[in-house]
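>>> Predicted model, plus sequence, below.
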Amino acid sequence: MTSLSWTEELTLHQPQIDQTHQEFVDLLDELDRTLKNAPNDCNSALPVYRRFLEHTEAHFAMEEGFMAATGFAADNCHSKQHAMVLDVMRQVMAHTLAEQDLEPMRNLVPELANWLPAHVDMMDAALVFHMNQLGFDPVTGTMSHAPAPAAEAISSCGSNSCSS
């Protein structure tokens, strides 16, 4: 298994998002260690996985709240990627509960370790840039430069395609 360590390269200099990403990395690492130390023990892995899933749900909801507040369309590419990740995570949970099989969970750890840096670099960095451009304060929900009332909601990923 391959896990992920928190590095400066994952920092976006947006405190709420950076803290949430660091917690994601820590929980993924905890899951990785748990699976390595008790490779066939669902009773050890499931509580860690549940915390990780709950954190990821809250993490994505926070970012999607920032997107909604700053003019992203509800069906934007960033949110779609969150939905796909959560769908896989929930399927892994359902499989583990039904089959008492940790293999999908073990397979998911390196996939998420590979996914997060690319997601942070592309999608989350674009979100933070957009928030900064608008002067959006995620603590208060206020903006110093609100988008024009006629501005079209943002549905792209920050490029011309949603293929990533």
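The structure has been received and is ready for your questions. Numbering: from 1, shown residues only.
>>> And the strands in this protein?
136-137, 142-143 (DSSP state E).
>>> Confidence-wise, which of those strands is weakest overall?
Across the strands of the chain, strand 142-143 has the smallest mean pLDDT, namely a mean of 92.
>>> what about that strand, distance to the chain center?
23 Å (C-alpha atoms, centre = their mean, to the nearest Å).
>>> And it, what does it pack against?
Applying 3 or more C-beta pairs under 8 Å, 6 or more residues apart in numbering; DSSP states H and E, we find strand 142-143 packed against strand 136-137. From N, CA and C alone the C-beta is placed, and that goes for glycine too.
>>> ok, and what's touching the strand it packs on?
66, 69-70, 130, 142-143 (C-beta atoms under 8 Å, 6 or more residues apart in numbering).
>>> can you name the two of the residues you listed that are farthest apart?
Using C-beta to C-beta, the two most remote members of the contacts of strand 136-137 are 130 and 142, lying 15.3 Å apart.
>>> More neighbours: these two, which one.
residue 130 (18 against 12; other C-beta atoms under 10 Å).
>>> Touching, the more buried one and residue 70? I think so.
Yes - under the criterion of C-beta atoms under 8 Å, residue 130 makes contact with residue 70 at 5.9 Å.
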